[in-house]
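Chemist: okay, predicted coordinates and the sequence, questions at the end:
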Amino acid sequence: MADMSLKKHPMPEQDPLVRNKNFDEVALGYSEEEAIAEAKRCLNCKNKPCVSGCPVNVHIPEFIEKVAEGKFNEAYYIVTKTNSLSAICGRVCPQETQCEGKCIRGIKGESVAIGRLERFVADWHRIYGHEGEIPTKPECTKGKVAVVGSGPAGLSCANALAWRGYDVTVFEAFHKPGGVLVYGIPEFRLPKDIVAYEIGKLQYNGVKIVTNAVIGRAMSIDELFEEGFEAVFVGSGAGLPKFMNIPGENLLGVYSANEYLTRINLMKAYLDEYDTPIKHAKKVAVVGGGNVAMDAARCAKRMGAEVCVIYRRSMEELPARAEEVHHAIEEEIDFKLLNNPVEIIGDENGKVCGIKCIKMELGEPDESGRRRPVEVEGSEFVIDVDAVIMSIGTSPNPLIASTTEGLDTNKWGCIMANDELATSREGVFAGGDAVTGAATVILAMGAGRKAAGSIDAYITAKHAND
């Protein structure tokens with residue numbers, strides 16, 4: 001019989017005022033006893049609404065049932081039937097709006113901690129699950145496929161194609177594979193040894209990874225086809241930062257969140273390999289309210305700065321995960337809500353010394369019922385800062401589209417793809433942030449997995465007609 005307690009078992013965490021000075025993982029993970037106890041809260045619903053909320057359709061009640069029985073390895077293999085990056089998803093996915101958001105237990109209490117349990121079984125398997133086990137490898141019996149980008153979309157696509165029998169090569173523009181998982185998400189949320197382990201599994205399965213390969217410059221999509229690849233999947237993400245176009249954005253000490261997080265991640269994870277200098281600012285303003293803004297703010301705090309987050313809407317409208325906002329507040333990050341920057345101020349040396357903001361108030365509701373923020377006339381004020389991090393969104397880099405004839409994009413620069421993720425260029429498929437714009441890890445993974453099925457169908461049909 002299910003445990004009908006209304007609350008999730010809490011996740012053990014570092015103390016906020018200790019962790020805001022280090023880059024160690026915040027969440028410490030469930031013990032075996034805690035995982036079993038939480039799993040017993042699951043009702044094992046017949047209709048499985050949680051599965052419909054998962055972009056990769058993990059068999060959630062089935063794996064949780066095995067956790068409740070203490071059969072952790074069996075639980076892991078149920079998860080990995082559809083999710084090749086379970087240790088990652090258990091840490092960074094917005095479960096509260098996806099699988100857990102559909103959980104029946106959430107109607108009269110808190111949902112089952114599906115993400116925490118997914119993380120637990122993945123971590124348990126990594127540490128204990130290989131004893132006496134000889135992992136099977138997929139056989140390479142089909143054609144060659146190129147995958148552009150080694151972020152969640154590319155890795156998911158590559159894994160699914162390898163298990164379907166394809167010879168897969170992943171091309172990554174940066175030094176290390178992993179994309180946003182390595183360069184964009186901080187160590188305290190996603191340790192890099194976890195990412196390296198997951199990528200190692202792909203390489204064990206025969207997936208080849210070529211780093212420092214900028215497709216569109218070092219080699220074009222056309223040249224990939226000339227090299228014998230029968231299809232190409234573009235999962236290059238959305239790494240081109242947006243700015244506000246206000247005075248002072250060209251001053252020294254202004255960063256995009258992408259640049260700042262990349263520098264921090266390289267410096268903390270690969271200090272011995274790369275020289276990635278970054279200014280140790282004393283007072284930092286982060287502009288924006290999404291998950292990336294929370295990551296940047298929490299990194300700046302760990303670098304020793306006083307940090308404020310400037311966002312033009314209210315706390316209720318912050319787009320970041322509630323858990324990330326909660327952690328940021330615990331770590332003594334100041335939220336300056338209903339404020340909007342209008343100018344970044346510099347000193348005589350061209351360095352940031354302040355940010356001018358204007359106060360906002362919520363206006364009348366629009367057609368959707370949402371109250372838009374409007375400026376309060378004459379309410380400008382200046383915050384003393386020596387660094388500003390802009391985190392107001394990203395878009396796909398135009399390099400691949402601009403160097404690939406016949407590849408259509410929309411007005412935002414995103415590659416256009418149909419429901420099967422085929423683009424306007426024959427043999428080229430695309431998914432993840434390169435198509436949707438910046439979204440979540442799990443949505444990108446779902447796109448990569450779906451694209452693998454479409455690529456398989458395309459190549460199979462092509463061979464049948466030869």
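Modeler: Structure received. Numbering: from 1, shown residues only.

Chemist: okay, and residue 309 sits in which element?
Modeler: Secondary structure assigned from DSSP states H and E places residue 309 in strand 306-311.

Chemist: what residues does that strand touch?
Modeler: With contacts defined as C-beta atoms under 8 Å, 6 or more residues apart in numbering, strand 306-311 is touched by 282-289, 293-294, 297-298, 300-301, 318, 328, 333-341, 355, 357, 383, 385. Every C-beta, even on glycine, is put in place using the N, C-alpha and C of the backbone.

Chemist: can I get the CA coordinates of the following helix or strand past it in CSV?
Modeler: Using DSSP H and E, the next helix or strand after strand 306-311 towards the C-terminus is helix 322-330. Extracted C-alpha coordinates of helix 322-330, given in CSV (Å, rounded to 0.1, in the frame of the first residue of the first chain):
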residue,chain,number,x,y,z
ALA,A,322,11.0,27.9,-8.2
GLU,A,323,13.8,25.7,-6.7
GLU,A,324,16.5,27.8,-8.3
VAL,A,325,15.0,31.0,-7.1
HIS,A,326,14.6,29.5,-3.6
HIS,A,327,18.2,28.5,-3.6
ALA,A,328,19.3,31.9,-4.8
ILE,A,329,17.4,33.7,-2.1
GLU,A,330,18.9,31.3,0.5
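
Chemist: state the mean pLDDT of stretch 329-346.
Modeler: Stretch 329-346 shows a mean pLDDT of 98.

Chemist: between the two ends of that stretch, what distance do you get?
Modeler: End-to-end span of stretch 329-346 (C-alpha to C-alpha, to the nearest Å): 29 Å.

Chemist: now the closest residue to residue 415 other than its chain neighbours: phi and psi?
Modeler: The spatial neighbour of residue 415 that comes closest, neighbours along the chain excluded (C-beta to C-beta, 6 or more residues apart in numbering), is residue 430 at 4.4 Å. When read as degrees, to the nearest 10, the backbone of residue 430 gives phi -150, psi 150.

Chemist: list the buried residues of the strand holding residue 309.
Modeler: For strand 306-311, the neighbour count (16 or more other C-beta atoms under 10 Å) marks 306-311 as buried.

Chemist: and residue 30, how close does it get to residue 364?
Modeler: 47 Å (C-beta to C-beta, to the nearest Å).

Chemist: compare those two and say which is more crowded by neighbours.
Modeler: Ranked by neighbour count (other C-beta atoms under 10 Å), residue 30 and residue 364 place residue 30 first, with 25 against 7.

Chemist: outline the domain layout of the protein.
Modeler: 16-128, 144-239+395-465, 243-392 (automatic domain parsing).

Chemist: which stretches in the stretch 201-350 of the chain count as helices?
Modeler: Under the criterion DSSP state H, counting those that start in this stretch, helices of the stretch 201-350 of the chain are mapped to 221-226, 257-269, 291-302, 322-330.

Chemist: ranking the ones you listed by burial, who's on top?
Modeler: Neighbour counts (mean count of other C-beta atoms under 10 Å) averaged over each of these peak at helix 291-302, with a mean of 26.
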